[in-house]
Structures are given as C-alpha cells and as structure tokens.
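**Q** how does the following fold in three dimensions:
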Amino acid sequence: MTIPELKAALLNREYEDNIRISEWMVVLNAKSFLRIQFADCERAKEPENCPAYIRLMLFYEATKPTA
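**A** Numbers count the residues shown, from 1 in each chain. Sure, this is the predicted structure:
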C-alpha cells in the first residue's frame with residue numbers, strides 16, 4: 001500500500017483505545033499515533049522504507065474490517 005492509500009483507509013475513522021498492533025506494541029491514542037506516523041513518513045526520503053510506514057501497516061492490519 002502507498003501512503004495515500006493508507007491515509008484513505010485509516011484517517012477519518014473512529015478507533016477504540018488500546019489497539020494491539022503486535023505482540024510488543026499497543027496504540028493508546030489512535031488519532032495521535034496516526035498523525036505522528038504519517039508526519040514521519042512525509043519527512044522520510046523513502047517513506048515505504050521508514051519505520052513509521054511499518055507501524056502504519058501493522059495498525060492497518062490490526063484494524064481492517066473482517067469480511
């Protein structure tokens with residue numbers, strides 16, 4: 001997924017508190033988390049290779065609707 005695709009999928013949604021995105025990571029405030037991760041990706045020379053992108057993908061996988 002590209003950064004614009006992630007923004008379309010993740011922004012402007014409501015999230016619960018304490019979202020576990022991996023065994024060792026829990027997002028306490030989704031709105032703040034997303035703002036910071038997208039800002040980090042925008043500053044990166046290669047956004048798809050920065051750690052923030054990986055965290056966004058983990059968040060996406062943890063919160064995507066199931067069929």
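**Q** name the nearest residue to residue 19, ignoring sequence neighbours.
**A** Once flanking residues are discounted, residue 19 sits nearest to residue 27: 4.4 Å by CB to CB, 6 or more residues apart in numbering. Placement of C-beta: from N, CA and C, glycine included.
**Q** centre of the chain to stretch 54-61, how far?
**A** 5 Å (CA atoms, centre = their mean, to the nearest Å).
**Q** and what of stretch 29-38?
**A** 7 Å.
**Q** would you indicate which residues of that stretch are buried?
**A** Under the neighbour-count criterion of 16 or more other CB atoms under 10 Å, stretch 29-38 has 30, 33, 34, 37, 38 buried.
**Q** CA atoms only: put that stretch into PDB for me.
**A** C-alpha atoms of stretch 29-38 as PDB (Å, rounded to 0.1, in the frame of the first residue of the first chain):
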ATOM      1  CA  ASN A  29      -4.400   7.100  21.200                       C
ATOM      2  CA  ALA A  30      -5.000   6.200  17.600                       C
ATOM      3  CA  LYS A  31      -5.600   9.800  16.400                       C
ATOM      4  CA  SER A  32      -2.200  10.900  17.800                       C
ATOM      5  CA  PHE A  33      -0.500   7.800  16.600                       C
ATOM      6  CA  LEU A  34      -1.700   8.200  13.100                       C
ATOM      7  CA  ARG A  35      -0.800  11.900  13.000                       C
ATOM      8  CA  ILE A  36       2.800  11.200  14.100                       C
ATOM      9  CA  GLN A  37       3.400   8.200  11.900                       C
ATOM     10  CA  PHE A  38       2.100  10.000   8.800                       C
END
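**Q** hmm, who's touching it?
**A** The set of residues external to stretch 29-38 that reach it, using CB atoms under 8 Å, 6 or more residues apart in numbering, is 3, 6-7, 10-11, 15-17, 19, 27, 52-53, 55-56, 59.
**Q** neighbour-wise, which of those residues leads?
**A** residue 56 (25 neighbours; other CB atoms under 10 Å).
**Q** show me the strands in the chain, by range?
**A** 19-22, 25-27 (DSSP state E).
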